[in-house]
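Student: the following comprises the amino acid sequence and a computationally predicted model.
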Amino acid sequence: MSRADLTFALILGLCSITSARADSLAQQAFNELATLVGEWEGRYSNGRSHQVSFALTANDSVIVETWSMSPTRRSLTLYALDGERLIATHYCPQGNQPRLVLTEQDANHDYHFAFLDGTNLQDPQGSHQHALQIHIDSAQAFSRSESYVSNAQLELREVEAGERVSYRRISR
């Protein structure tokens, strides 16, 4: 093998490793979030609790997260791979549907999702989910925080993290 061929093979190998790393973060996050399948109870700092369930659908290609805040107030977030990206589409009780994309897993192993785009965000008086962080502590516990901003702030890049809520598994 010539020196030029060796250099080309090395560059090609490095490119495929870089691409695999991008693919692997989205796939890794999806696989780890899929371990949450089951029923969970979350408790806010004020003591108020709510139920969250996770299920797989569409031949295990979509994770369905359902929030039950009360018998009449529910929301839904769907997590699905889109090529090299993991997309979370949140169906909010406010009637909007922001889409967030996985941007990183930080040193604390929190998965960070940031606003990508959304539908029904015309009302400048309304708000939407603009960021989401999820940390899986164990098979029995995880935590998350969400950030909401005014619909008028669609181009906002950095938002302050919302309250971190801890969840404990009720059943699988």
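Tutor: Thanks, I have it.
Student: let's verify the residue nearest to A34 when sequence neighbours are not counted: helix, strand, or coil?
Tutor: By the measure of CB to CB, 6 or more residues apart in numbering, the closest residue to A34 outside its immediate chain neighbours is I63, 5.8 Å from it. C-betas here are computed from N, CA, C, even on glycine. Secondary structure, DSSP: H, G, I helix; E, B strand; the rest coil: I63 is strand.
Student: tell me who's in contact with I63.
Tutor: Contacts for I63 were tallied using CB atoms under 8 Å, 6 or more residues apart in numbering; they are 30, 33-34, 36-37, 54-56, 78-80.
Student: same thing but at 7 Å, please
Tutor: Counting by CB atoms under 7 Å, 6 or more residues apart in numbering, I63 touches 33-34, 54, 56, 79.
Student: how far away is it from F142?
Tutor: 13 Å (CB to CB, to the nearest Å).
Student: try S150
Tutor: If you go by CB to CB, the gap between S150 and F142 works out to 28 Å.
Student: quick one: which of these two has more around it?
Tutor: Regarding S150 and F142, a neighbour count based on other CB atoms under 10 Å identifies F142 as having more, with 23 against 15.
Student: ok so, going back, report the buried members of the contacts of I63.
Tutor: Among the contacts of I63, those that count as buried by neighbour count (16 or more other CB atoms under 10 Å) are 33, 54, 79.
Student: now, the residues you listed that are in helices?
Tutor: When these are checked against helices (DSSP state H), the matches are L33.
Student: out of the buried ones among the contacts of I63, which is nearest to G126?
Tutor: For these, the minimum distance to G126 (CB to CB) is 23.4 Å, reached by Y79.
Student: which residue packs closest to that closest one, ignoring adjacent ones?
Tutor: The shortest distance from Y79 to any non-neighbouring residue, by CB to CB, 6+ apart, is to I63 (4.1 Å).
Student: need the nearest residue in space to T119, chain neighbours excluded.
Tutor: Counting by CB to CB, 6+ apart, Q97 is the residue found nearest to T119 once chain neighbours are left out, at 4.7 Å.
Student: one step back: adding distance to R85 and pLDDT, write the buried ones among the contacts of I63 out as CSV.
Tutor: Converted to CSV, those look like this (distance: CB to CB, whole Å; pLDDT from 0 to 100):
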residue, distance to R85, pLDDT
L33, 14, 97
F54, 20, 98
Y79, 11, 98
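Student: can I get the buried ones among the contacts of I63 in TSV with distance to H130?
Tutor: Putting the buried ones among the contacts of I63 into TSV (distance: CB to CB, whole Å) gives the following:
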residue	distance to H130
L33	19
F54	22
Y79	17
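Student: just give me the closest of the buried ones among the contacts of I63 to I136.
Tutor: Compare each of these with I136 using CB to CB and the shortest gap goes to L33, at 7.7 Å.
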